[in-house]
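A.B. asks: just the structure for this:
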Amino acid sequence: MGGPGRLFAVLLAIAGVVIIGVTVRQEIIAKRLQSVQAKVILPEGKIVNANDFISNGKVGTSKANSWNVSIKYEYVVNGKNYYGYLASLGGNSFSTEMDARKSLKGLMGDGTILAWYDKQRPNVAFLDPKPRRSGYKGAIICLMLAAFAYLYLDKIYYWAGKRGQAGGQAAF
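C.D. replies: Next up is the predicted model:
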């Protein structure tokens, strides 16, 4: 049998492996992070309020909502100034408002926040130093779907095709 099952299985397996790779990379980076005090960059006359940094919106053209963090901060490493904008190792978009707020939990009223910079690349910093664990869940789902596609999708495809042919012949 040569149907779509093996193709989908390979694509899903590749996606699962890529997700695992990204998650492992985030964990490696997380182990290298060092903390530093950062100054939140605010528009003139504004005070620090976490609500000003979180917005709800759509992800691309999908209908899924996400909670986005929009923040800029300045920090100093070895006497050199750097600017950061990343809330977490996973980026600035979160599936829930609570997760977005957690990324800003260290935000203080005086405009300082604890940031974590990569020792190998001090120009890369995050406010939340923990990698997102959902990567492994997504990888497991992709690999399970790949196994299902490999084992059963071709059989379902041919079964549905035979049923369609049988139904079409009966009409003649």
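
A.B. asks: tell me where the model's unsure across this structure.
C.D. replies: For the chain, the stretches with pLDDT under 70 are 1-3, 43-50, 58-64, 108-109, 132-134, 162-172.

A.B. asks: any chance you could map the strands in it?
C.D. replies: Across the chain, reading from the start of the chain, the strands by DSSP state E fall at 33-40, 54-58, 65-69, 73-77, 80-84, 93-94, 112-118, 125-126.

A.B. asks: who's the closest residue to residue 93 other than its chain neighbours bridged to?
C.D. replies: Distances taken as CB to CB, 6 or more residues apart in numbering put residue 66 closest to residue 93, at 4.5 Å, once the chain neighbours are dropped. All C-beta spots, glycine's among them, are computed from the backbone N, C-alpha and C. In this structure, residue 66 has the following beta-bridge partners (DSSP bridges): residue 57.

A.B. asks: returning to that earlier point: out of the strands of the chain, nearest to residue 27?
C.D. replies: The stretch from the strands of the chain with the least distance to residue 27 (CB to CB) is strand 33-40; that distance is 11.0 Å.

A.B. asks: adjacent strands (with direction) for that closest one?
C.D. replies: Taking DSSP bridges as the criterion, strand 33-40 forms sheet pairs with strand 73-77 (antiparallel), strand 112-118 (antiparallel).

A.B. asks: the top helix by length along the chain vs strand 112-118, what angle?
C.D. replies: The helix spanning the most residues in the chain, taking DSSP state H as the definition, is helix 4-32. On the basis of axes from the mean of the first three to the mean of the last three CA atoms, to 10 degrees, helix 4-32 is oriented at 120 degrees to strand 112-118.
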